[in-house]
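*Asks:* Give the three-dimensional model of this entry:
(one chain, ligands or ions: 1)
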Amino acid sequence: MRYLLALLISLLPLTASAAPRVVADIAPVHSIAAAIMQGASTPELLVPATADVHGIALRPSDARRLSEADIVFWIGPALSPWLSDPLDSLAPQAQRIALTELDLPTLLPTRENAAFEAHDHDHDHDEHATDAPIDPHIWLAPENAIRIAAHMAQVLGEADPVNAALYQANATQLAARIEAASAVVETTLAPHANGAFIVLHDAYHYFEDRFGIAATAAISASDAAAPGAARLQAVRALIAETPNLRCLFAEPQQADAQARQIAQDTGLYLATLDPMGVDLPPGPALFPELIENLAASLAECLAKD
Ligand SMILES: [Zn+2]
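*Replies:* The predicted structure is shown next:
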């Protein structure tokens, strides 16, 4: 009997390791995966929330994670072009899922100009029919996050049928949590529908679109490439001619010297928006808290006199 018990206990890690080894590229994607896998296993995070996902290099520890992965969930080459080749060479064995290629409820084109055209909130999301590439910040539309969660539950369930019901139940639970966070965001932002602000890089198109706010301009485009002199000039001109402009939002992942200088020259409040969740522990709770925090940061600055 004692022998049998010892045998059973020795088998437990084997049972646990039936769950696939999952790597996620950024903290929000990792958070969604962690929520789906809760109770079965834990995904690995490739890019720390402090890093600029648009332009970092792979570390040796990342290479190991990728080579050991069964499934890799990543946004796609539009967000992290540097990750395409390492994925092919280091994780040929893994199921590699680029989330921008899913049939998502909302896909928006990149906005190339520093100044954004006025939003039409009744449009039917067919803008990606244009030639402009897809804006890769897809996770900032909650409906996309819910769709991504459902897809992850399906993929994980196929790879690990023993836990398929758990993944599905977790996806349902996460969807409810994200809906609740969206309701909080709506309430928080309701008084600021006409608030005008500038962002450091064009990361929030999806969030703006979903929640009825609109950035006036971005210093850098959605690929976060350093702006040229003409673009900086255009941003400064816009600030001068937009009377109700109040805030300039920098980001923890990007150098803020330019934003700081512009804010100082123009008298805008300098605040911070975090699209990744720097101050949040990686894990299931990060994503819904991230979108609530975005709204809180926006509202806090836009409420200033
Ligand atoms: Zn970005």
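
*Asks:* how many other residues sit next to residue 72?
*Replies:* Neighbour count for residue 72, taken as other Cβ atoms under 10 Å: 24. To be clear about C-beta, it is placed using only N, CA and C from the backbone, and glycine gets the same treatment.

*Asks:* Please report phi then psi for it.
*Replies:* phi -120, psi 120 (degrees, to the nearest 10).

*Asks:* thought it was touching residue 84?
*Replies:* No - contact criterion Cβ atoms under 8 Å: residue 72 and residue 84 do not qualify, at 11.6 Å.

*Asks:* For stretch 288-302, what is the distance to the chain centroid?
*Replies:* When distances are taken as Cα atoms, centre = their mean, to the nearest Å, stretch 288-302 is centred 14 Å away from the chain's centroid.

*Asks:* could I get it in CSV with only the CA atoms?
*Replies:* In CSV, the C-alpha atoms belonging to stretch 288-302 read as follows (Å, rounded to 0.1, in the frame of the first residue of the first chain):
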residue,chain,number,x,y,z
PRO,A,288,-8.2,43.4,-17.1
GLU,A,289,-6.3,45.6,-14.7
LEU,A,290,-4.3,47.0,-17.5
ILE,A,291,-7.3,48.3,-19.4
GLU,A,292,-8.8,49.6,-16.2
ASN,A,293,-5.5,51.4,-15.5
LEU,A,294,-5.4,52.9,-19.0
ALA,A,295,-8.8,54.5,-18.4
ALA,A,296,-7.8,55.7,-14.9
SER,A,297,-4.6,57.3,-16.3
LEU,A,298,-6.4,59.1,-19.1
ALA,A,299,-9.2,60.3,-16.8
GLU,A,300,-6.8,61.5,-14.1
CYS,A,301,-4.9,63.8,-16.5
LEU,A,302,-7.9,64.9,-18.6
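
*Asks:* buried stuff in it?
*Replies:* Residues of stretch 288-302 classed as buried by neighbour count (16 or more other Cβ atoms under 10 Å): 288-295, 297-299, 301-302.

*Asks:* just stretch 156-167 next, same as before
*Replies:* Quick answer for stretch 156-167 (16+ other Cβ under 10 Å): 156, 157, 159, 160, 163, 164, 166, 167.

*Asks:* With stretch 51-67 instead?
*Replies:* For stretch 51-67, by 16+ other Cβ under 10 Å, it's 51, 52, 53, 54, 56, 58, 62, 65, 66.

*Asks:* can I get those in a markdown table with distance to residue 79 and pLDDT?
*Replies:* As requested, these are exported to a markdown table (distance: Cβ to Cβ, whole Å; pLDDT from 0 to 100):
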| residue | distance to residue 79 | pLDDT |
| --- | --- | --- |
| 51 | 12 | 94 |
| 52 | 11 | 93 |
| 53 | 6 | 94 |
| 54 | 7 | 93 |
| 56 | 11 | 89 |
| 58 | 15 | 89 |
| 62 | 16 | 93 |
| 65 | 18 | 94 |
| 66 | 16 | 96 |
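
*Asks:* which strands and helices sit next to the helix ranked longest in the chain?
*Replies:* Secondary structure of the chain per DSSP state H: the longest helix is helix 164-189. For helix 164-189, the elements it packs on are helix 27-37, helix 142-159, helix 205-211, helix 286-302, judged by 3 or more Cβ pairs under 8 Å, 6 or more residues apart in numbering; DSSP states H and E.

*Asks:* Dump those into JSON lines; add mean pLDDT as well.
*Replies:* Output for the helices and strands packed on helix 164-189, formatted as JSON lines (pLDDT from 0 to 100):
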{"stretch": "helix 27-37", "mean pLDDT": "98"}
{"stretch": "helix 142-159", "mean pLDDT": "98"}
{"stretch": "helix 205-211", "mean pLDDT": "97"}
{"stretch": "helix 286-302", "mean pLDDT": "98"}
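
*Asks:* Can you add distance to residue 133 and give the ones you listed back as JSON lines?
*Replies:* Listed next are these as JSON lines, based on distance: least, Cβ to Cβ, whole Å:
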{"stretch": "helix 27-37", "distance to residue 133": "19"}
{"stretch": "helix 142-159", "distance to residue 133": "16"}
{"stretch": "helix 205-211", "distance to residue 133": "12"}
{"stretch": "helix 286-302", "distance to residue 133": "23"}
